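[1] here is my input, please return the structure:
(chains A and B)
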Amino acid sequence: MRKFDTKIQHLKYKVLREVARHAFEDRITDIYKDIPEIIVPGPKPMMRCCIYKERAIVNERIHLALGGDKSNPNVIEVISIACDECPLSGYEVTDSCRGCIAHRCEDVCPKNAISFDSEHKAHIDKSKCVNCGRCAKVCPYTAIISRTRPCENACKIHAISASAEDGAAQIDNSKCISCGACVYQCPFGAVVDKSFIIDVIDMLKGSENNTKYKTYAIVAPAIYSQFTYAKLGQVISGIKELGFFSVVEAALGADMVSYTESTELVEKGFLTSSCCPAFVDYIHKSFPTMVEHISHNLSPMATISKYIKETDPGCKIVFIGPCTAKKMEVQKEDVRQYVDSAITFEELQALFDGKGIDITTLDETALDNASYYGRIFARSGGLADAVTQALKEHGLDDFEFKPVACDGIEECRMALLKASKNVLPGNFIEGMACVGGCIGGAGVLTHGEKNKTTVDKYGREAMEKSISDAISVLGMTTDKKD
Amino acid sequence: MKITICIGSSCHLKGSKDVVEGLQQLIKANDLSDQIELSGAFCMGNCVNGVSVKIDEELFNVQPSTTKSFFEQEVLTRL
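    Presented below is the predicted three-dimensional model:
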């Protein structure tokens, strides 16, 4: 059974798994000595020019698996030596150039960047070209194409670019929202999300089997579309086997959020969601005038964590999800008091294997707290559906709810742009930075067409059918029987 | 007196919501709101026998159907 979408994920996973194994076995000091040779045994190189470069890059991967550069606040980092400095930027003439006589490309070029060789074929002088694209438009053979680097193509908000110095990718932290799109798309695995698995392993060990304090795992509802080689109940058992005391659905936090967010919306008349940390960060960085419209609710992760910390002061909480931006969210002032660390599904797989846990052999443990509506937060449109339902449950059907569900950061940008000019045909922006919603996150094991239907199916399996039923035990709703 | 009811997944599936609602009603009917504090907890490490309920630090197993007798025998007698 295929566990990952790409070989890059698999490579990253192998490093994480070995780091986890060393940490579980108290062999942290051997990490840099052992792991490069485990991953790159030699003598022949597997991926690059030589085993020495491969091992040097593994060293960098280890560094990131151990938390990366502490002086860089961004949780996404570039491994410069792994960046192939793709020479793909800008316009290029392909083999399709027939060496015609017309030379429209030359005529239209405002920079005189086009010249012809002895076979009359066109060439673009990169030092003159300004990537205006006019030549490509006029070529009758469509022989000129624009090639962008996969990382730049993935980053719809233009936060990653080639550095002027060496051409390696560099991230502009004032724009980057840590969504991880570049991490998933870089074919050389040169952009990586920092990992905090060591902190998590320390937390689990320090709890001494949950006697000194308890460690809770909050799992995102996107989990249902993952680990498809096993049953969900076995994944939950696996998480407990790692040493977690209990596993709670982030979807219950989502139920709490939609319940309060619906009344907040009615009160304020216009809102943007606050669930997706990359979307929230995007508003702060690129649409500062819209910040006042962000829902004051904490994210579902932080909301349920806050509740758990109140019922069990002193406990530790780790979020497990599909998201790299959650690693940034848990460091925020108003969240870090509730959530101690965040890891991805990729990293969870590494923890299972690092501790030698085969989840397919485990009995199933129940995971059921949230309602259908809390669970469908994992996919685009789910949050808007949940708020519709919450308005109904509050008896606020009269309110004209006009949600704009934005699937991916480009749609978010369009909606924010319109809203900032008061021309958005809606009063609620559901912002999801990843296409598809959380199930399209950079930290999932596999992205698949079926993920959305799987999440909806998981939603329907919830014992609680309404939001107020799911959260009634938390003492938040007024007793309906009164 | 503090009564803590497990609302973890396993107990939730066994009806902890009904136990919570049952106790809320009984507390109200007996006018004991100022003497009994109800709260939730995620897992008490007693999943097999749930629904787990603690009166202060003492652990009990309650089912939705036994909520009333639990309240009469264990809660009222301790007040």
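[2] show me the contacts for whichever residue of chain B sits closest to chain A.
    For chain B, the residue closest to chain A is B:Cys43, as judged by Cβ to the nearest Cβ, at 3.6 Å. For glycine as for every other residue, the C-beta is placed from the backbone atoms N, C-alpha and C. Listed by Cβ atoms under 8 Å, 6 or more residues apart in numbering or on different chains, the contact partners of B:Cys43 are A:245-246, B:6, B:8, B:10-11.
[3] likewise A:Gly436?
    A:379-380, A:407-408, A:447, A:451-452.
[4] in the stretch 51-200 of chain A, which spans are strands?
    A:76-78, A:90-93, A:114-116, A:122-124, A:144-147, A:160-162, A:169-171, A:191-193 (DSSP state E, counting those that start in this stretch).
[5] so does the longest helix seen in chain B get close to chain A?
    Longest helix in chain B by number of residues (criterion: DSSP state H): helix B:16-29. Yes - counting by Cβ under 8 Å from any Cβ of the partner chain, chain A has neighbours in helix B:16-29: B:16-17, B:20-21, B:24-25.
[6] in a markdown table: those residues, plus pLDDT and neighbour count.
    Output for the residues of helix B:16-29 next to chain A, formatted as a markdown table (pLDDT from 0 to 100; neighbours: other Cβ atoms under 10 Å in any protein chain shown):
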| residue | pLDDT | neighbour count |
| --- | --- | --- |
| B:Ser16 | 93 | 26 |
| B:Lys17 | 92 | 22 |
| B:Val20 | 93 | 24 |
| B:Glu21 | 91 | 18 |
| B:Gln24 | 91 | 17 |
| B:Gln25 | 92 | 15 |
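[7] which SSE is the closest residue to A:Thr272 other than its chain neighbours in?
    Take A:Thr272 and drop its neighbours on the chain: the residue closest to it by Cβ to Cβ, 6 or more residues apart in numbering or on different chains is A:Ile429, 4.2 Å away. Assigned by DSSP states H and E, A:Ile429 falls within strand A:428-432.
[8] chain center to that strand: distance?
    Its chain's C-alpha centre and that of strand A:428-432 lie 16 Å apart, by Cα atoms, centre = their mean, to the nearest Å.
[9] in CSV, list the C-alpha atoms belonging to that strand.
    Output of strand A:428-432 as CSV, limited to C-alpha atoms (Å, rounded to 0.1, in the frame of the first residue of the first chain):
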residue,chain,number,x,y,z
PHE,A,428,-19.1,35.7,5.4
ILE,A,429,-15.8,34.6,3.9
GLU,A,430,-14.8,31.0,4.5
GLY,A,431,-11.1,31.1,3.9
MET,A,432,-9.1,28.0,3.2
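[10] ok, residues contacting it?
    Around strand A:428-432, the neighbours that count as contacts under Cβ under 8 Å, 6+ apart are A:265, A:270-273, A:276, A:279-280, A:282-283, A:380-381, A:383-384, A:387, A:401-408, A:412, A:415-416, A:419, A:438.
[11] tell me which strands and helices the helix or strand following it is in contact with?
    Sequence-wise, the next helix or strand downstream of strand A:428-432 (DSSP H and E) is helix A:451-460. Where contact means 3 or more Cβ pairs under 8 Å, 6 or more residues apart in numbering or on different chains; DSSP states H and E, helix A:451-460 is packed against helix A:372-375.
[12] hmm, the helix it packs on in reach of chain B?
    No - residues of helix A:372-375 contacting chain B under Cβ under 8 Å from any Cβ: none, with a closest distance of 13.0 Å.
[13] identify the residues contacting residue 55.
    As the question left the chain open, I've gone with chain A. Per Cβ under 8 Å, 6+ apart, neighbours of A:Arg55: A:36-37, A:39-40.
[14] oops, I was thinking of chain B
    B:Ile55 neighbours (Cβ under 8 Å, 6+ apart): B:1-3, B:74-75, B:78.
[15] and the strands in chain B?
    Using DSSP state E, the strands of chain B run over residues B:2-6, B:37-41, B:52-55, B:58-61.
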